[in-house]
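1. the following block contains a protein sequence and its predicted model.
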Amino acid sequence: MPGTWSDLQLFLGFNTLFFLAGAAIQGGLIQKLDATVVQPPHDAPLIAQWWTNIYEASWFAVLVMVLGNDLPEVTAGAASQVFGVISAGVGLASFALVLTLVEHLFMDVLETNVKRGSTVYEEGHMVVLMWCESARDLGMAKRILAQVCQANRGREEGTTVVHREKLEMESRFRAAIPAADRHGTQFVFRQGSPLDPESLRMVAATKARAVLITEDYSRKPEHSDAQCVRAAVVLDEMVEAEYGEGSAKGPMVVVQAHTEDALRTLQYTCSDRVVPVPTSTVSAKRIGRVLRHPIIVVFSRMLTDFSSNAHGVINAYPELEGLKFKDLHARFPFAIVIGLINSTTKYCKWNPDPNRTVQRGDEVMMMRPGPFESTLYPPLEDPPIVDLGKWDPDTYSLASLDELPLGLECRSSDEAVCKPSEWFGYAANASTSDESRASHHSGRLRDGRGVYLLPLQYSNTLLPAMDLLICGWGSDCLMWELLAQLDHGLQPLPPGACVTLLNERDLTDLRAACQQHGVTRLCMKHIKADPRMRHCLASAVDIAQFQAAVVFCDEQWVEEHSRALESHRWLSQSELLRLDAEILQVQLNIRLLLEERGCHQINIVCECMSYTGRTRFEDSTRLPLGVIVNATSFAAKVLTQVAYEPRVMLPYEQLGQGSDLVVQDSSAFAAVGERLSYLQLQACRQENAFNLALWPARAASVHQVLMGYYRLPHAAGMPLEVVPTVFNRGDFRCKIVTMALTTTIQQATQDLSGSLTRTGEEGSASLEHDGSLYL
């Protein structure tokens with residue numbers, strides 16, 4: 001617009017000079033030429049009077065109608081006629097050009113206003129401040145807005161997004177999230193910068209209910225954190241200036257923080273209304289828990305996803321005060337009661353003692369569908385009466401852990417998904433040779449005292465001496481946070497564990513770097529190689545020594561794609577898909593090397609960069625049950641959930657502390673041929689011969705919370721089957737997911753480790769005796 005206005009001014013000045021010069025020429029030169037030039041006679045040759053003929057012929061037809069009525073007459077001198085035509089032509093061209101410039105200037109003003117948008121006058125809305133400079137930013141924006149739509153089901157609440165290209169975002173999200181999927185939520189896009197106070201005023205950020213400030217994924221984490229910190233400080237000061245310092249009015253500001261420095265800075269500089277969310281720490285803790293319990297990938301996704309029928313909520317029910325925790329399950333048949341939280345006493349407990357009394361101020365943590373409002377899901381006054389059946393809690397044991405699976409073996413999609421439990425114990429013995437394992441693999445696949453059908457990815461897989469392989473290297477803040485969690489977090493790797501870093505980075509002084517980041521207990525190794533090349537991976541490490549692997553998108557792979565594009569920004573979704581292809585290549589290299597060595601398939605956790613396309617190696621519902629983590633998607637869900645319920649951060653931080661998820665066989669709670677409902681497994685009221693009384697059901701009697709159950713497929717090409725009830729057919733296919741005490745899980749794991757060691761020693765002795773594999 002400034003260029004158009006300057007061009008218009010310049011052209012108006014040029015026209016003024018032209019008209020002044022024309023007036024001077026008309027008075028001083030044209031009149032004299034008319035007096036001296038003699039008109040040709042009528043009988044003159046055609047060539048001599050060509051101008052007169054043309055001017056006369058076109059006078060009424062064209063010139064007068066187009067250029068105006070003030071042209072010289074036909075009888076005027078030729079000089080006046082030529083000068084009149086030139087002046088009229090220049091005037092017409094000038095008018096057309098001026099009209100074009102004025103129109104362009106007006107359209108520039110209009111387009112600028114449309115792009116930027118008008119001031120928002122809403123109150124109680126949600127504001128999402130984003131940068132959207134890369135494909136990951138756009139993907140995160142889509143995830144956040146989709147979660148907001150699900151959270152606002154049944155309510156009309158406007159969502160304002162500050163972005164650099166308003167029109168582009170409107171057209172993009174019109175296709176990404178159609179109106180039918182918005183459930184009454186209105187999107188209002190505005191162009192601006194989260195660092196600009198005027199942009200914040202334009203979206204009425206100080207009058208919003210909540211404001212989300214997200215990271216800029218096109219920049220390094222420390223640089224992006226600086227932007228988020230400044231945006232949070234500016235907004236916090238604006239709110240205090242409007243409502244007064246210390247006022248409870250104003251929005252809650254949820255800020256994404258990558259590094260620990262940004263987290264501490266926000267806590268130091270901002271008021272209590274600013275809630276920093278350390279997404280790198282949350283993601284690192286999640287990956288650490290996934291290594292031990294891969295089923296957490298599914299349940300963490302359900303907990304944080306508003307579209308899930310079992311997303312996490314915290315509701316207050318004063319009428320439950322005085323009841324025991326084990327009594328709550330029967331009063332919420334539509335939900336899974338998983339814990340209690342008290343904001344006053346700071347009490348927060350997953351799977352508390354079943355006999356703990358609900359105290360004043362206690363709120364119920366549960367997984368259920370629908371919005372957050374507790375009034376839509378009141379507890380039942382009279383719990384249902386269900387027959388508990390015959391079951392003795394003293395006979396309970398973690399049935400799945402006594403036959404820990406170390407792999408999934410299927411020759412084809414038509415072959416049954418099964419594996420002898422004895423072979424698992426023998427394969428776990430480090431002294432067993434590859435040839436003997438391969439021989440047993442091809443021979444007695446169906447033998448043994450029962451088969452274990454659960455793939456390794458969905459079971460407790462960490463043995464006491466665990467070796468972990470990490471391929472690639474993500475962002476520094478995420479990687480060192482993950483290593484710190486594995487070293488001394490809530491669920492660290494067991495003593496004697498070794499972590500091997502395999503990438504192409506120059507980590508010359510690994511020991512000093514580990515000490516700088518507090519990683520002192522783990523045995524760390526670094527091997528410089530490219531895991532994308534299978535021969536490099538095979539020559540660099542002995543793949544058979546690892547019990548788990550994590551594959552990250554290496555920052556050097558990103559730089560390679562950036563150099564190819566001659567750009568330093570992640571702008572293309574196709575480039576993210578190419579990076580996912582390289583991550584999948586590393587996973588397949590590991591699986592193929594394990595297959596060639598005759599080893600069991602290990603737990604492989606892979607980072608995912610894009611949001612589209614899933615192969616069976618990245619799908620949690622199809623064998624081999626790929627375990628993928630998308631840090632950006634998970635961060636978007638956590639940020640949105642914190643914006644609606646800031647107390648969820650405390651339960652997230654304590655997940656795995658005291659209680660954790662575990663997968664076990666249905667035989668742990670049900671006899672062969674017995675079918676049980678959720679209430680029979682978790683809690684119900686039983687009618688006996690004497691009176692009506694509340695009795696703890698099977699899971700509650702052993703201090704566990706039932707989280708779900710499913711059935712394994714008969715063939716590798718079939719997905720996992722979600723079943724309405726638990727039915728123990730005796731085929732070890734029906735699996736139950738519970739939240740149990742970590743002490744119970746650890747004790748069962750230790751008992752299992754000793755059993756596997758003894759089984760391996762007996763197998764070795766038998767092998768030495770006659771060369772046969774009898775366990």
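-> Yep, it's here.
2. what's the distance between residue 210 and residue 652?
-> According to Cβ to Cβ, to the nearest Å, residue 210 and residue 652 sit 18 Å apart. To be clear about C-beta, it is placed using only N, CA and C from the backbone, and glycine gets the same treatment.
3. the closest residue to residue 181 other than its chain neighbours: how many residues sit nearby?
-> Leaving aside its chain neighbours, residue 181 sits nearest to residue 149 (6.4 Å; criterion: Cβ to Cβ, 6 or more residues apart in numbering). Residue 149: 20 surrounding residues under other Cβ atoms under 10 Å.
4. in this structure residue 667 contacts residue 732, no?
-> Yes. If you go by Cβ atoms under 8 Å, residue 667 and residue 732 touch, sitting 7.3 Å apart.
5. of those two, who's got more company?
-> Shown here are residue 667 and residue 732; by other Cβ under 10 Å, residue 732 has more neighbours (21 against 18).
6. quick one, grab the pLDDT at that one.
-> As predicted, residue 732 sits at a pLDDT of 74.
7. quick check: it touching residue 672?
-> No. With contact defined as Cβ under 8 Å, residue 732 does not count as touching residue 672 (10.4 Å).
8. quick one on the thing from earlier: OK, contacts around the residue nearest to residue 181?
-> Taking Cβ atoms under 8 Å, 6 or more residues apart in numbering, we find residue 149 in contact with 177, 181, 182, 183, 185.
9. what subset of these is buried?
-> The neighbour-count test (16 or more other Cβ atoms under 10 Å) applied to those identifies 177, 182, 185 as buried.
10. the second one and residue 271, how far apart?
-> Look at residue 182 and residue 271: by Cβ to Cβ, they are 33 Å apart.
11. do the same with the first one
-> Spatial separation of residue 177 from residue 271 under the definition Cβ to Cβ is 33 Å.
12. same check, this time on residue 579
-> 39 Å.
13. so between the two, which is more surrounded?
-> residue 579 (21 against 14).
14. buried ones in the helix or strand hosting that one?
-> Using DSSP states H and E, residue 579 sits within helix 573-597. Residues 573, 575-576, 579-580, 582-584, 586-587, 589-591, 593-594 are the ones in helix 573-597 that count as buried (16+ other Cβ under 10 Å).
15. which parts of the stretch 301-450 of the chain are strands?
-> For the stretch 301-450 of the chain, the strands defined by DSSP state E, counting those that start in this stretch occupy 311-315, 336-342, 347-350, 362-368.
16. I'd like those as TSV, with distance to residue 125 appended.
-> Formatted as TSV, the strands of the stretch 301-450 of the chain follow (distance: least, Cβ to Cβ, whole Å):
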stretch	distance to residue 125
strand 311-315	22
strand 336-342	28
strand 347-350	30
strand 362-368	26
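17. out of those strands, which gets nearest to residue 697?
-> Residue 697 lies closest to strand 336-342 among the strands of the stretch 301-450 of the chain, at 12.5 Å (Cβ to Cβ).
18. partner strands of that closest one, parallel or antiparallel?
-> Partners of strand 336-342 in the sheet, by DSSP bridges, are strand 347-350 (antiparallel), strand 362-368 (antiparallel).
19. most packed of these?
-> Ranked by mean neighbour count under mean count of other Cβ atoms under 10 Å, these are led by strand 362-368, which reaches a mean of 22.
20. using CSV, write out every CA atom in it.
-> Coordinates of each C-alpha in strand 362-368 appear next as CSV, following Å, rounded to 0.1, in the frame of the first residue of the first chain:
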residue,chain,number,x,y,z
ASP,A,362,-11.5,-34.8,47.8
GLU,A,363,-12.3,-34.8,44.1
VAL,A,364,-12.6,-37.9,41.9
MET,A,365,-10.2,-38.6,39.0
MET,A,366,-11.9,-40.7,36.4
MET,A,367,-12.0,-41.6,32.8
ARG,A,368,-15.3,-41.1,31.0
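21. residues in contact with residue 205?
-> So residue 205 contacts 127, 129, 211, 235, 238, 251 (Cβ under 8 Å, 6+ apart).
22. inside strands: which ones of those?
-> If you go by DSSP state E, the contacts of residue 205 have 127, 129, 211 in strands.
23. in the sheet, which residues pair with the second one? Tell me.
-> It refers to residue 129. Beta-bridge partners for residue 129, by DSSP bridges, are residue 162, residue 213.
24. ok, how many other residues are close to it?
-> Other residues close to residue 129 by other Cβ under 10 Å number 27.
25. check the gap between it and residue 669 for me.
-> Distance from residue 129 to residue 669, by Cβ to Cβ: 49 Å.
26. quick one: residues contacting the closest residue to residue 538 other than its chain neighbours.
-> Nearest residue to residue 538 in three dimensions, chain neighbours excluded: residue 593, at 5.7 Å (Cβ to Cβ, 6+ apart). Counting by Cβ under 8 Å, 6+ apart, residue 593 makes contact with 534, 537, 538, 543.
27. next, count neighbours for the second one.
-> Residue 537 is flanked by 22 other residues according to other Cβ under 10 Å.
28. got a pLDDT number for residue 150?
-> On the pLDDT scale, residue 150 gets 88.
29. actually, residue 722.
-> At residue 722, pLDDT is 74.
30. residues in contact with the residue nearest to it when sequence neighbours are not counted?
-> In this structure, residue 722 finds its nearest non-sequential neighbour in residue 710, 5.4 Å apart by Cβ to Cβ, 6+ apart. Residues in contact with residue 710 (Cβ under 8 Å, 6+ apart) are 720, 721, 722, 723, 734, 735, 737.
31. of those, buried ones?
-> 720, 734, 735, 737.
32. how close does the first one sit to residue 622?
-> In this structure, residue 720 and residue 622 are 8 Å apart, going by Cβ to Cβ.
33. now do the same contact list for residue 510.
-> 501, 524, 526.
34. okay, whichever helix or strand the first one is part of in PDB with CA atoms only?
-> In this structure, residue 501 is located in strand 498-503 according to DSSP H and E. Provided in PDB are the C-alpha atoms of strand 498-503 (Å, rounded to 0.1, in the frame of the first residue of the first chain):
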ATOM      1  CA  CYS A 498      23.500 -49.900  29.600                       C
ATOM      2  CA  VAL A 499      22.400 -47.300  27.000                       C
ATOM      3  CA  THR A 500      24.000 -47.300  23.600                       C
ATOM      4  CA  LEU A 501      23.700 -44.100  21.500                       C
ATOM      5  CA  LEU A 502      24.000 -44.700  17.800                       C
ATOM      6  CA  ASN A 503      24.100 -41.700  15.600                       C
END
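35. run the angle between that strand and helix 573-597 for me.
-> On the basis of axes from the mean of the first three to the mean of the last three Cα atoms, to 10 degrees, strand 498-503 is oriented at 130 degrees to helix 573-597.
36. need the next SSE after strand 498-503, C-terminal direction.
-> Helices and strands here follow DSSP H and E; after strand 498-503, the next one along the chain is helix 510-516.
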